[in-house]
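Participant: Got a sequence here, can you build the structure:
(2 chains)
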Amino acid sequence: MGAQLRVYKRRIRSVTATKKITKAMEMIAASRVVKAQRQVAASSPYATELTHAVTAVASGSDIKHPLTTEVDNPVRAAVLLITSDRGLAGGYSANAIKQAEQLSAALTGTGRVVDNYIVGRKGVSYYAFRERPVTESWTGFSDSPTYADAKKVAAPLIEALSKETSEGGVDEIHIVFTEFHSMMTQTAVDKRLLPLSLEKPAEDSADVFEKAVGDEIHALYDFEPSTEGVLDALLPRYVESRIYNALLQAAASEHAARRRAMKSATDNAEDLIKSLTRLANAARQAEITQEISEIVGGANALADATAGSDR
Amino acid sequence: MAELHVELVAADRKVWSGEATRVVARTSSGDIGIMAGHQPLLGVLESGPVTIRTTGESGEGTVVAAVHGGFISFAENKLSLLAEIAELSDEVDVDRAERALERAKSDDDAHAERRAEVRLAAASHAR
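Facilitator: Presented below is the predicted three-dimensional model:
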């Protein structure tokens, strides 16, 4: 076999092996998207009921709570960025990071110091490489987050919010994650989690939270043990639930993005195999042609030589 | 008998929903029983069993669940029990709960001990 042909054959083999891997990853991601979507759906009754409760307290009382009052001159804001742990998901993490950068720039522009909180190894390494300060980070659960993970993430954020800004506390919490619309569309979004804008809670809320809040008039509630007590217990749960929802949507988006990236990788591999096969065929034909012309040439030379000696 | 609609939801799933005549739950200021027509209420739940006297489609009976933390809210004849963790009595893994109880006792973790006890108490109802 000619050297040219051997090189093509080797490349075809290697691309075929890569294609098998990307195809497998595509199918795994496809099945996980479905699972992740189911988890998003399963978590929505809790989120809906919780939003009901929060709006009930908010509209049924006029007490001031640090988690609901808007500060006149916010000096420090926390940004929670949700990225993936693994790559091979197209622009998934890059888009979320870009969104966070934009938000940080906007916040810094209005005189706020930004504290970064990051979920996912990709985001962590992005900030580490650029030597930016990261207040806290979590890795290892981006593809299947549990409620316990959401609690872990929410705890330092809630703590930072209840502290004074002079002691390192924050006035606002923003969250940047990738919203899952459909298998084909996921968009990186930023949302303000706290302080709650209680007048229009639906405005900056995720879909599941929007559904719960309508134009309903809430009844006058009895609070057990007290309004403050209920609000104290309710708001951290609300934050956790919002973060849990964001984590789940981000996980679903991650799998969908990975599925799409792997699908186009598989398609590209197929194209590459096709064109390489063409080249290999051409090389094989060229080799055969060359061999024939060599034989013919050799035979002719031999015939000429014998014809000459005969004379 | 007048009935109320009950939704028992955990953070990651809906645990139980249906019609009931009476629900007993433990709030931070003590046990509370709720029947149809109760005043609108929003309370903080403690770790404890929730007992639901069912009626309607699910038939006459009692559903017991172990609930750890969360809220109870009642309005317009609809009762929502929001729990971070909730297990129906027949879902409780008794062996695991017993192990958790022993571990909590040896670690002197009053919270974990209480949670394990609640789970066991709910489980004993199912048997």
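
Participant: For the rest of this, base every contact and every neighbour count on C-alpha atoms.
Facilitator: Noted.

Participant: So if we follow the domain assignment, how does chain B break up?
Facilitator: Here the domain parsing of chain B from automatic domain parsing is B:4-89, B:93-126.

Participant: Save those as TSV, and put in distance to chain A, mean pLDDT and mean neighbour count too.
Facilitator: Conversion of the domains of chain B to TSV gives the following (distance: least, CA to the nearest CA, whole Å; pLDDT from 0 to 100; neighbours: other CA atoms under 10 Å in any protein chain shown):
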stretch	distance to chain A	mean pLDDT	mean neighbour count
domain B:4-89	4	87	21
domain B:93-126	15	79	17
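
Participant: what's the nearest residue to residue A:95 if we skip its chain neighbours?
Facilitator: Leaving aside its sequence neighbours, residue A:95 sits nearest to residue A:188 (CA to CA, 6 or more residues apart in numbering or on different chains; 6.2 Å).

Participant: which ones are touching residue A:9?
Facilitator: residue A:280 (CA atoms under 8 Å, 6 or more residues apart in numbering or on different chains).

Participant: pretty sure it belongs to a strand, no?
Facilitator: No. Assessed by DSSP: H, G, I helix; E, B strand; the rest coil, residue A:9 does not belong to a strand; its assignment is helix.

Participant: Now do it against residue A:282, distance only.
Facilitator: Separation of residue A:9 from residue A:282 (CA to CA, to the nearest Å) stands at 12 Å.

Participant: right, quick check: the helix or strand harbouring residue A:261 against chain B, any contact?
Facilitator: Using DSSP states H and E, residue A:261 sits in helix A:227-310. Yes. Helix A:227-310 lies within reach of chain B by CA under 8 Å from any CA of the partner chain, at A:230, A:233-234, A:241.

Participant: on that earlier part again, Provide the secondary structure category for the residue nearest to residue A:95.
Facilitator: Taken by three-state DSSP, the conformation at residue A:188 corresponds to strand.

Participant: separation between it and chain B?
Facilitator: 23 Å (CA to the nearest CA, to the nearest Å).

Participant: do the same with residue A:273
Facilitator: Shown here: residue A:273 relative to chain B, a distance of 45 Å by CA to the nearest CA.

Participant: same thing with residue A:92?
Facilitator: For residue A:92, the distance to chain B (CA to the nearest CA) stands at 25 Å.

Participant: chain center to the longest helix that chain B contains: distance?
Facilitator: With DSSP state H applied, the helix covering the greatest number of residues in chain B is identified as helix B:110-126. Counting by CA atoms, centre = their mean, to the nearest Å, helix B:110-126 is centred 11 Å from the centre of its parent chain.

Participant: From the rest of the structure, what touches that helix?
Facilitator: Contacts for helix B:110-126 (CA under 8 Å, 6+ apart): B:47-49, B:64-68, B:87-92, B:94, B:97-98, B:100-101, B:104-105.

Participant: C-alpha coordinates for that helix, CSV please?
Facilitator: Output for helix B:110-126, consisting of C-alpha atoms alone and laid out as CSV, is shown next (Å, rounded to 0.1, in the frame of the first residue of the first chain):
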residue,chain,number,x,y,z
ALA,B,110,-30.1,16.6,69.3
HIS,B,111,-31.4,17.7,65.9
ALA,B,112,-30.5,14.6,64.0
GLU,B,113,-31.9,12.5,66.9
ARG,B,114,-35.2,14.3,66.7
ARG,B,115,-35.4,13.8,63.0
ALA,B,116,-34.7,10.1,63.2
GLU,B,117,-37.3,9.7,66.0
VAL,B,118,-39.9,11.5,63.9
ARG,B,119,-39.2,9.2,61.0
LEU,B,120,-39.4,6.1,63.1
ALA,B,121,-42.6,7.3,64.8
ALA,B,122,-44.2,7.9,61.3
ALA,B,123,-42.9,4.5,60.1
SER,B,124,-44.4,2.7,63.1
HIS,B,125,-47.8,4.0,62.1
ALA,B,126,-47.6,2.3,58.7
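
Participant: Tell me the secondary structure at the residue nearest the centre of chain B.
Facilitator: The residue at the geometric middle of chain B, judged as the C-alpha nearest the mean C-alpha position with CA atoms, centre = their mean, is residue B:50 (2.8 Å). For residue B:50, the secondary structure call by three-state DSSP comes out as strand.

Participant: excluding its backbone neighbours, what's nearest it?
Facilitator: According to CA to CA, 6+ apart, the nearest residue to residue B:50 is residue B:25 (4.6 Å).

Participant: how far away is that neighbour from residue B:18?
Facilitator: In this view, residue B:25 and residue B:18 are 16 Å apart by CA to CA.

Participant: Equivalent analysis for residue B:62, please.
Facilitator: 12 Å.

Participant: Could you do residue A:135 as well?
Facilitator: If you go by CA to CA, the gap between residue A:135 and residue B:18 works out to 45 Å.

Participant: With residue A:26 instead?
Facilitator: Taking CA to CA as the measure, residue A:26 and residue B:18 are separated by 40 Å.

Participant: Likewise for residue A:40?
Facilitator: As judged by CA to CA, residue A:40 and residue B:18 stand 22 Å apart.
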